[in-house]
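>>> Next input, structure requested:
(chains A and B)
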There are 2 protein chains.
Amino acid sequence: MNSDHLLLGPGPSAPYPEAVEALQRPVLGHLDAEYLGVVAGIADRLRAVFRTSNELTLPVSGTGSAGMEACVVSLVEPGETVIVGVNGYFGERLCEVARRAGAQVVRVEAPWGTALDPADLLAARRAHPHAAVLAVVSAETSTGVRNDVAPVGAELAGTDTLLLVDAVTALGGTRLEVDAWGIDACYSASQKCLGAPPGLAPVTLGPRAVAKMAARRTPVGSFYLDLGLLQRYFLASPPTYHHTASSTLAYALHAGLGRLLEEGIEQVWERHARVGALLQAALPDLGFRLAAAEGVRLPQLTAALLPDGVDEAATRRRLLDEYGIEVGGGLGEFAGRAWRIGLMGHAATERSVVTVLGAVRELLKS
Amino acid sequence: MNSDHLLLGPGPSAPYPEAVEALQRPVLGHLDAEYLGVVAGIADRLRAVFRTSNELTLPVSGTGSAGMEACVVSLVEPGETVIVGVNGYFGERLCEVARRAGAQVVRVEAPWGTALDPADLLAARRAHPHAAVLAVVSAETSTGVRNDVAPVGAELAGTDTLLLVDAVTALGGTRLEVDAWGIDACYSASQKCLGAPPGLAPVTLGPRAVAKMAARRTPVGSFYLDLGLLQRYFLASPPTYHHTASSTLAYALHAGLGRLLEEGIEQVWERHARVGALLQAALPDLGFRLAAAEGVRLPQLTAALLPDGVDEAATRRRLLDEYGIEVGGGLGEFAGRAWRIGLMGHAATERSVVTVLGAVRELLKS
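Residues are numbered from 1 along each chain as shown, chains lettered A, B, ... in the order given. Here you go, the predicted model:
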């Protein structure tokens, strides 16, 4: 038995049909020129989606958290300072990953449901002018908040501090401009707005980040997630063997990105904005309260506090059992109080909106 | 265009048809009870294949190298000593991963093509009685040599040193007895003798390894590869969210393991032994020289030095271009001089043997 749940949580979302079909392509060897051609195609497509000309653009062989860790451990040396914006669960995770990498972590906080103030982030950098990295989650999957990173990038350009941006939920869902916004390093995941199954983490590093990596005095603590080694495997000719990357996942990501670019990146952003607005306009009528403050709401991920008196876990369970619809529970401060409803990639449709709203409406009746 | 190369290199091998079919199952959420049921099923099947009752048995979300790194960084604290048997490329990799994790590495070497002497490994441990880990590659994919780990495990049982075994190429190909041989930690990969696509790394830790992990004074340097966190995600009820694991890869591994166990683990070993012997009996007649010494040859992976005067890379290229057959080139000391021919999992068949021998015979004529 295998259920085909309608995945409207924080990801994974159902992949595009093209990505599912691509999973059937015969497995190729990890050093096969044809496979490495697919990787090169992924890199090109990722550049279009990340809006960058960064040469070091590749899919890390792991999930979004592997992409996060690859960026942190490749860019930060033990003892260096990392400033992290924290207004949700994934900001906390960035702190944890940086701490484990031996960094001195400086937290810049904002309440859950509100956005980080770029001025606060920049003030922290002035207080720690030698910080190696300033890290921000651009789309906080735990709260549905969009953090504005462009003003930060503009200010960091003339400094020694790199801007690292978590785009796990952002990429392909809302505008993200790696080059124009001065983002030095950025990572995402295959299974959200890119419309492929989980398992790969797109990463891109700009010239400042590459130079920082080249100037390291200590080896990267991780072999598996060392972006310098991954570059010499995925992007060099001839490739230097590093690990047995999965052609199966690569085909699917390549196909998902192809479908996205065929529609057009601006059109995809517009679609996410449209369906997210529909959902967010309707939820308050059902008694939900949107967790993210007005003006900083992500369309692709809506965190909503449940109506008073409604049992979060039991109702979410019924939504899955009776309607086959998955939404996410709250994390951290929102655990037991909120749902996270994703409209991402292939699932960012009017049909998803009416489906989840219709089911919730029925459940709240009884 | 997508070629269906016959994969007879060091892995990936073609997955079992059941595993390919499983890739089409609808994606499930990473916290869905149905998905976690599949993970529990994988853990059970892995216990049968690892021949262990270890509770901590799970698929790491990465390739075999991620499994290696997960074991090393979870078990070793900075400054601790790790003894590594080195008689090929993957022993070297273990040294590199351990060094990056902050370990003091003690090498115990044997020439490429020969097996490690268990007495040498045990002597090194007596010289370093506080070594945290002694690590051995049981099936050295670079040379086709089987290293005997059972005598080492028997001796380490009464000590503070854990036995870590690389079973990337071994698992499901040749006899491996985690419990009976006293192996404390073992990792493998989905894409070789287990007959699934690449992307997951089975890992199992015994009680001594779990206790060592629990007694750490420092956090594991990696968040993504922290086996304690992975245990609390994959094996606990309720699960603690850690990362967005791929149901797609899980279905395929589950199916591959199912096919393997349906045939029977002893029968699978016997099949690998039979077809490996056929290949190794025939190669010398074509002028190849087997790289591994007699008595320690792996059936599932044959490293063979090419006949004098035959251009390694050009002939391997022709084998791929003219016959659509992939074999691996040599690594390290064997680069440019040897091929690595894998007969693993679904590809461990008489048909594979006659196919590769027939093509090579034709190529050597011209």
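
>>> what are the ranges of the helices in chain A?
A:17-22, A:33-50, A:64-75, A:89-100, A:118-127, A:150-156, A:207-214, A:227-234, A:247-263, A:265-282, A:312-323, A:350-365 (DSSP state H).

>>> Roughly how far does the residue of the stretch 251-366 of chain A found nearest chain B sit from A:Arg146?
With C-beta to the nearest C-beta, the shortest gap between the stretch 251-366 of chain A and chain B falls at A:Glu326, namely 5.0 Å. Bear in mind the C-beta positions are built from the backbone N, C-alpha and C, glycine included. Distance of A:Glu326 to A:Arg146, computed by C-beta to C-beta, to the nearest Å: 23 Å.

>>> same thing with A:Ala131?
23 Å.

>>> Let me see the ranges of the strands in the stretch 51-200 of chain A.
Applying DSSP state E, counting those that start in this stretch to the stretch 51-200 of chain A gives strands spanning A:56-60, A:81-86, A:104-109, A:133-137, A:139-140, A:145-146, A:162-166, A:185-187.

>>> Look at the closest residue to A:Arg99 other than its chain neighbours and say how many residues are nearby.
In this structure, A:Arg99 finds its nearest non-sequential neighbour in A:Val105, 5.4 Å apart by C-beta to C-beta, 6 or more residues apart in numbering or on different chains. The number of residues packed near A:Val105 is 17, by other C-beta atoms under 10 Å in any protein chain shown.

>>> same question for stretch A:217-225, mean pLDDT?
For stretch A:217-225, the mean pLDDT works out to 98.

>>> The stretch 101-250 of chain A against chain B: which residues are in contact?
A:101-102, A:189, A:191, A:197-199, A:219-225, A:241-249 (C-beta under 8 Å from any C-beta of the partner chain).

>>> let's go with 7 Å and repeat that
A:101, A:189, A:191, A:197-199, A:219-224, A:243-246, A:248-249 (C-beta under 7 Å from any C-beta of the partner chain).

>>> what's around the residue of the stretch 251-366 of chain A closest to chain B, how many residues?
24.

>>> what do you get for A:Arg107?
14.

>>> Centroid-nearest residue for chain A?
The residue lying closest to the centre of chain A (C-alpha atoms, centre = their mean) is A:Val168, at 0.3 Å.

>>> Just list the residues touching the closest residue to it other than its chain neighbours, thanks.
Once flanking residues are discounted, A:Val168 sits nearest to A:Gly64: 4.1 Å by C-beta to C-beta, 6+ apart. By C-beta atoms under 7 Å, 6 or more residues apart in numbering or on different chains, the contact list for A:Gly64 reads A:Val168, A:Tyr187, A:Ser188, A:Ala189, A:Ala201, B:Thr244.

>>> Mind splitting chain A into its structural domains?
As assigned by automatic domain parsing, chain A contains the domains A:6-11+A:265-365, A:17-261.

>>> what about those, which gets the closest to B:Ile83?
When the domains of chain A are compared by C-beta to C-beta, domain A:17-261 sits nearest B:Ile83, at 18.5 Å.

>>> residues in contact with the nearest residue to A:Leu225 once chain neighbours are set aside?
Once flanking residues are discounted, A:Leu225 sits nearest to A:Ala70: 3.9 Å by C-beta to C-beta, 6+ apart. Contact partners of A:Ala70, counting by C-beta under 7 Å, 6+ apart, are A:Val60, A:Tyr187, A:Val203, A:Leu225, A:Leu227.

>>> I'd like the residues you listed written out as CSV, with neighbour count added.
Listed next are the contacts of A:Ala70 as CSV, based on neighbours: other C-beta atoms under 10 Å in any protein chain shown:
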residue, neighbour count
A:Val60, 27
A:Tyr187, 27
A:Val203, 28
A:Leu225, 29
A:Leu227, 27
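
>>> between those residues, which is closest to chain B?
A:Leu225 (7.3 Å).

>>> That closest one contacts A:Ser65, correct?
No: contact between A:Leu225 and A:Ser65 fails when scored by C-beta atoms under 7 Å: they sit 10.3 Å apart.

>>> Give the bridge partners for A:Leu164, please.
A:Ala135, A:Ala185 (DSSP bridges).

>>> That one and A:Ala135 touch, don't they?
Yes: in terms of C-beta under 7 Å, A:Leu164 counts as a neighbour of A:Ala135; the distance is 4.2 Å.

>>> so how many other residues sit close to A:Thr218?
Residues near A:Thr218, counting by other C-beta under 10 Å: 10.

>>> and the gap between it and A:Pro78?
7 Å.

>>> do the same with A:Met344
From A:Met344 to A:Pro78 the distance is 36 Å (C-beta to C-beta).

>>> out of these two, which sits in the more crowded spot?
For A:Met344 and A:Pro78, the more surrounded residue by other C-beta under 10 Å is A:Met344, and the numbers stand at 29 against 14.

>>> from what I can see the more buried one touches A:Gly173, true?
Yes: in this structure, A:Met344 is within contact of A:Gly173 by C-beta under 7 Å, at 6.0 Å.

>>> list the residues that contact both of the two?
Common neighbours of A:Met344 and A:Gly173 (C-beta under 7 Å, 6+ apart) are A:Lys192, A:Cys193, A:Gln300.

>>> how about JSON lines for those residues, with neighbour count added?
Formatted as JSON lines, the shared contacts of A:Met344 and A:Gly173 follow (neighbours: other C-beta under 10 Å):
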{"residue": "A:Lys192", "neighbour count": "30"}
{"residue": "A:Cys193", "neighbour count": "34"}
{"residue": "A:Gln300", "neighbour count": "31"}
